[in-house]
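[1] Build the 3D model from these lines:
(one chain, ligands or ions: 1)
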Amino acid sequence: MQPRLIHHPDGITAVDTEYLRPGHAASHIIRHAGHAAFVDVGTNDSVPYLLAALETLGVAREAVDYLFLTHVHLDHAGGAGRLMQELPNARAVLHPRGAPHMIDPQMLIAGSKVVYREERFHQLYGELVPIPAERVRVVSDGERYSLAGRDLELIHTPGHALHHYVIVDEAHASIFTGDTFGISYRELDTPKGAFIIPTTTPTQFDPEQLVASIDRMLGYAPESMYLMHFSRVTDVPRLAESLKAQIREFARIARGQADAADPYAAIRAAMRDLWLGMAQRHGGALSDTQIEDLLEDDLDLNTQGLIVWLRRQNKG
Ligand SMILES: [Zn+2]
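    Sure, this is the predicted structure:
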């Protein structure tokens, strides 16, 4: 079991969770004064990689104090119950809207099966292990946690999901953003820097909330954002502008295609064109086909999320 690790500054290590493909999703380990925390953990299949990463880093399982689960989408938190069984002193830290679903995952399983279908759900996520209630900490907006003296501020950031928070490591000008600061695959890096896209996964995407959450994070003047998909980006102001412009454009596209014969196909095609145009202007060596292959799953999930958002709008 050879974990793929990226060593970042300030005691931060990214571990590839091997979800879907290498380079798609990263859990982060924060080490400080002999203690450690995970930020997001991946799925059940990720757990052996995370345990191997601890071993490689020389971190005892007893030294892990927290699992910070930014939100309860299963590519982030699906393996948490199983991982907790291996970490005797760890507490799972969750948004108040997310915590009940990790203690009793039945609703989460049902909801995810709607998005992923039964067979694919089992293939991706397996059997979810509940987290015992006494090992869960529910985090209020602005609450501070200490990792062996390292001050972390947890702020609620709706927009991608209502059960989302991010972790501000102000002393190191860093924020662990879950999915609130979008997705940035390293394959799309060019001499111009990182390429970034928002994620509007069903069922709680809200463009105004997401823009407000990005602005709130910018208020801390972070130099590094640690994304689940995929790890560290800098050049934060440029990326934030790109995210906000795309979010507004998605909302415009979705509203414009609401009455199309096939809104799904129309929204997906418009988003694809937007991204291919952006990627071309960004430079880089990949062909349109390669870029589309890389972003295919995100096109599908984002389109589904926009359709759900449109329906919610129409209900008033
Ligand atoms: Zn998510």
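
[2] pLDDT score assigned to residue 314?
    In this model, residue 314 is scored at 79, pLDDT.

[3] Any figure for the gap between it and residue 271?
    Using CB to CB, to the nearest Å, one gets 20 Å for the distance from residue 314 to residue 271. For every residue, glycine as well, the C-beta is placed using N, CA and C.

[4] the more surrounded of the two?
    A count of neighbours by other CB atoms under 10 Å puts residue 271 above the other of residue 314 and residue 271, at 23 against 8.

[5] I'd say the more buried one and residue 250 touch.
    Yes. Applying CB atoms under 8 Å as the test, residue 271 and residue 250 come out as touching, 6.8 Å apart.

[6] dump the residue contacts of residue 195.
    For residue 195, the contact set (CB atoms under 8 Å, 6 or more residues apart in numbering) comprises 184-185, 188-189, 278-279, 282, 284.

[7] Kindly reformat the residues you listed as JSON lines and extend each row with neighbour count and distance to the ion.
    Below are the contacts of residue 195 laid out as JSON lines (neighbours: other CB atoms under 10 Å; distance: CB to the ion, whole Å):
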{"residue": "184", "neighbour count": "22", "distance to the ion": "14"}
{"residue": "185", "neighbour count": "20", "distance to the ion": "15"}
{"residue": "188", "neighbour count": "22", "distance to the ion": "19"}
{"residue": "189", "neighbour count": "14", "distance to the ion": "22"}
{"residue": "278", "neighbour count": "17", "distance to the ion": "21"}
{"residue": "279", "neighbour count": "21", "distance to the ion": "22"}
{"residue": "282", "neighbour count": "18", "distance to the ion": "24"}
{"residue": "284", "neighbour count": "16", "distance to the ion": "26"}
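
[8] In CSV, list the residues you listed along with pLDDT and distance to residue 25.
    Below are the contacts of residue 195 laid out as CSV (pLDDT from 0 to 100; distance: CB to CB, whole Å):
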residue, pLDDT, distance to residue 25
184, 98, 12
185, 98, 10
188, 97, 16
189, 97, 17
278, 97, 22
279, 96, 21
282, 97, 22
284, 85, 22
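
[9] Looking at those, which are in helices?
    Among these, the members found in helices (DSSP state H) are 278-279, 282.

[10] what about residue 299, is that helix, strand or coil?
    With DSSP: H, G, I helix; E, B strand; the rest coil as the basis, residue 299 sits in helix.

[11] so it sits right up against residue 268, yeah?
    Yes. Contact status for residue 299 versus residue 268: in contact at 5.5 Å, counting by CB under 8 Å.

[12] So if I had to pick from those two, which one is more boxed in?
    Shown here are residue 299 and residue 268; by other CB under 10 Å, residue 268 has more neighbours (21 against 17).

[13] For that one, which non-adjacent residue is closest in space?
    Counting by CB to CB, 6 or more residues apart in numbering, residue 268 lies nearest to residue 303, which is 4.4 Å off, once chain neighbours are set aside.

[14] Tell me, how many residues neighbour the one you found?
    26.

[15] so it makes contact with residue 269?
    No. Assessed by CB under 8 Å, residue 303 is found out of contact with residue 269, at 9.3 Å.

[16] re earlier: for the helix or strand harbouring the residue nearest to residue 268, buried residues please.
    Element membership for residue 303 (DSSP states H and E) is helix 288-314. Neighbour counts over helix 288-314 (16 or more other CB atoms under 10 Å) mark 291, 294-295, 298-299, 301-310 as buried.
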